[in-house]
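Asker: following is a predicted model, sequence given first.
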Amino acid sequence: MVEKFEVSASRSVAFDLLRSVTAKNKSFDDAMVLHDGFRRLPVRDRAFVRKIVTTALRRLGQIDALISNCLKRALPKKAIVVHDILRIAVTEIIFLKFPPHAAVDSAVTLVGSRNFPKLMGLTNAVLRRLATEGHELLNSFPETLNVPNWMLESWKTAYGEQYTQEIIVALLKEPPLDITVKNNKESWADKLDAETLLLGSLRKRFDGRIEEMPGFSEGEWWVQDAAASIPVSLLGDVSGMQVLDVCAAPGGKTAQLAAAGAIVTAIDRSGGRLKRLEKNLIRLGLQANIVTADATEWICNKKFDAVLLDPPCSATGTIRRHPDILYSKTTNDLAKLVRLQENLLVQSSQLVKPGGKLIFCTCSLQIEEGESQIERFLSVSKSFKRETIKNNEVGGHSLFINEQGDLRTLPFYLKELGGIDGFFASRLIRD
């Protein structure tokens, strides 16, 4: 007779989603969308699953070290699923501090349900040991274990040991929710019980359904990290200006430009992502001319007053929001992205009117995708010059401006308020 196991639906889904990221190289967002079981869970259980998986992804290096410390020998390759079940349970016990008995019992049952009954005893033993000794053992495993070595070394080279450690600490924390509103900022700050940042964004702690918050369905605001809102503001008053938003989807900056009165052309190669952009604009009651095309090949006979380029990048500045980036990006990916960005920058620059502005920005901590791109471009594009960013353009946060006069935020900036995404932006003027 086959034994039946009463499996926790939430933990089973959490296991599946973690496997999708670590074993199948899917983004966490895509994994959630594609998982029928996740969509069927009650709202509260979906929040529970999301909390477990994002925490596991942020702490995977330390989690694996704890598990290895409790095993006399590595699990057989065919039992790799057991390792992921252990990861889920360790996350609950050590980092989320949930009651150990529930995490242990659920993990043991899940191991049995996945056809590894002979490893149920081992699972129980490992987790019960970590429930009693795990917090003390954790002191032996530094937080740097959670970051790929190539990424870690690049940050040390760019920012030094101390800043790198502060970056890692910031990336391990759950970020707050940042909001950009169309109008009546003070009124919406009250309605949403949010704090108004000097950068202009509203900020609050929230872990429910965004769609159910006041003003969302009415199109009064959209979600956008405070750092991501800065590049558009660097264009100044755009009312009536012809502005091209290159690589525009999913549309946060397009919405900013349209809300500020710009005549916006939004171009992106992804039709699917542009549908999402269009849907967001409809909800917000905003308009833009949407173009589905590869910006490296797009032929346009007109010039624009301003061009905003936010090209595909490694997105390492957003790891606190998307911890799967720690496992999905490689040095090969970075090299390909840098080449694409260079091409897009050259092509986009040709669409700027004389006297017009070009904003290049990336949500990356990698110097190759920010400072180095601009230095390379300016060395060969003599018709452009940098216009340095002023303190009053970044809410008086002088730390946000690097020695060259460009925007460079790091995740631990504004840490007393919950941090900020890592971002780079440079403002260039065409002669």
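Answerer: Structure's in. What do you need? Residues are numbered from 1 along each chain as shown.
Asker: which residues in this structure form strands?
Answerer: Defined through DSSP state E, the strands belonging to the chain, from first to last, are 177-181, 195-196, 202-204, 221-223, 242-246, 263-268, 289-292, 304-309, 352-362, 384-386, 407-409, 423-430.
Asker: center of the protein - which residue?
Answerer: For the chain, T318 is the residue whose C-alpha lies nearest the centre (C-alpha atoms, centre = their mean; 3.3 Å).
Asker: that one touches C363, doesn't it?
Answerer: Yes: under the criterion of C-beta atoms under 8 Å, T318 makes contact with C363 at 5.1 Å. (Glycine included, C-beta is placed from N, CA and C.)
Asker: skipping adjacent residues, who's closest to F28 in space?
Answerer: In space, not counting the residues next to it along the chain, F28 is nearest to D324; the distance is 4.4 Å by C-beta to C-beta, 6 or more residues apart in numbering.
Asker: that neighbour and S20 touch, don't they?
Answerer: No: using C-beta under 8 Å, D324 is not in contact with S20, being 9.2 Å away.
Asker: joint contacts of those two?
Answerer: K26, F28 (C-beta atoms under 8 Å, 6 or more residues apart in numbering).
Asker: higher neighbour count, the two?
Answerer: Applying other C-beta atoms under 10 Å to D324 and S20 shows that D324 carries more neighbours, namely 24 against 20.
Asker: so what's that one up against?
Answerer: Taking C-beta under 8 Å, 6+ apart as the definition of contact, the neighbours of D324 are V21, K26, S27, F28, L57.
Asker: ok, the last one - how many residues close by?
Answerer: L57 has 24 neighbours, counted by other C-beta under 10 Å.
Asker: so for it, what pLDDT did the model give?
Answerer: Per-residue pLDDT puts L57 at 98.
Asker: not counting its neighbours along the chain, what's nearest it?
Answerer: Counting by C-beta to C-beta, 6+ apart, P323 is the residue found nearest to L57 once chain neighbours are left out, at 3.7 Å.
Asker: to what extent is that neighbour buried, counted in neighbours?
Answerer: Applying other C-beta under 10 Å, we find 23 other residues in the vicinity of P323.
Asker: sketch out the low-pLDDT regions of the stretch 151-300 of the chain for me.
Answerer: Per-residue confidence for the stretch 151-300 of the chain (pLDDT under 70) gives these ranges: 207.
Asker: quick one, helices of it?
Answerer: 185-191, 230-233, 252-259, 271-284 (DSSP state H, counting those that start in this stretch).
Asker: in CSV: the ones you listed, plus distance to E166 and mean neighbour count.
Answerer: Shown next, in CSV, are the helices of the stretch 151-300 of the chain (distance: least, C-beta to C-beta, whole Å; neighbours: other C-beta atoms under 10 Å):
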stretch, distance to E166, mean neighbour count
helix 185-191, 29, 14
helix 230-233, 20, 24
helix 252-259, 26, 25
helix 271-284, 33, 16
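Asker: shared neighbours, T318 and C363?
Answerer: Common contact partners of T318 and C363 (C-beta under 8 Å, 6+ apart): D225, D421, G422.
Asker: so which of those residues is the most crowded?
Answerer: Using other C-beta under 10 Å as the contact criterion, the top neighbour count among the shared contacts of T318 and C363 goes to G422, which has 29 neighbours.
Asker: pull the number of nearby residues for the nearest residue to that one once chain neighbours are set aside.
Answerer: Nearest non-adjacent residue to G422, counting by C-beta to C-beta, 6+ apart: G317, 2.6 Å away. Using other C-beta under 10 Å, G317 has 31 neighbouring residues.
Asker: G317: what's it in contact with?
Answerer: G317 makes contact with A227, T362, C363, S364, L365, T409, P411, D421, G422, F423, F424 under the criterion C-beta under 8 Å, 6+ apart.
Asker: any idea how far S270 lies from R276?
Answerer: With the distance defined as C-beta to C-beta, to the nearest Å, S270 ends up 9 Å from R276.
Asker: again with L86
Answerer: According to C-beta to C-beta, L86 stands 36 Å off from R276.
Asker: what is the rounded mean pLDDT of stretch 127-139?
Answerer: Mean predicted confidence for stretch 127-139 is 96.
Asker: dump the C-alpha coordinates for it into PDB.
Answerer: Output of stretch 127-139 as PDB, limited to C-alpha atoms (Å, rounded to 0.1, in the frame of the first residue of the first chain):
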ATOM      1  CA  LEU A 127      16.600  20.200  10.700                       C
ATOM      2  CA  ARG A 128      16.200  19.400  14.400                       C
ATOM      3  CA  ARG A 129      19.900  20.000  14.900                       C
ATOM      4  CA  LEU A 130      19.700  23.300  13.100                       C
ATOM      5  CA  ALA A 131      16.700  24.300  15.200                       C
ATOM      6  CA  THR A 132      18.800  24.000  18.300                       C
ATOM      7  CA  GLU A 133      22.300  24.900  17.000                       C
ATOM      8  CA  GLY A 134      21.700  26.800  13.800                       C
ATOM      9  CA  HIS A 135      21.700  30.300  15.000                       C
ATOM     10  CA  GLU A 136      25.000  29.800  16.700                       C
ATOM     11  CA  LEU A 137      26.500  28.100  13.700                       C
ATOM     12  CA  LEU A 138      25.400  31.000  11.500                       C
ATOM     13  CA  ASN A 139      28.000  33.100  13.100                       C
END
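Asker: contacting residues around it?
Answerer: Residues from elsewhere that reach stretch 127-139, judged by C-beta under 8 Å, 6+ apart: 62, 66-67, 69-70, 86, 89-90, 93-94, 100, 103-104, 107-108.
Asker: can you rerun that using 6 Å?
Answerer: Residues outside stretch 127-139 that contact it (C-beta atoms under 6 Å, 6 or more residues apart in numbering) are L66, C70, A89, I93, I94, P100, V104, A107.
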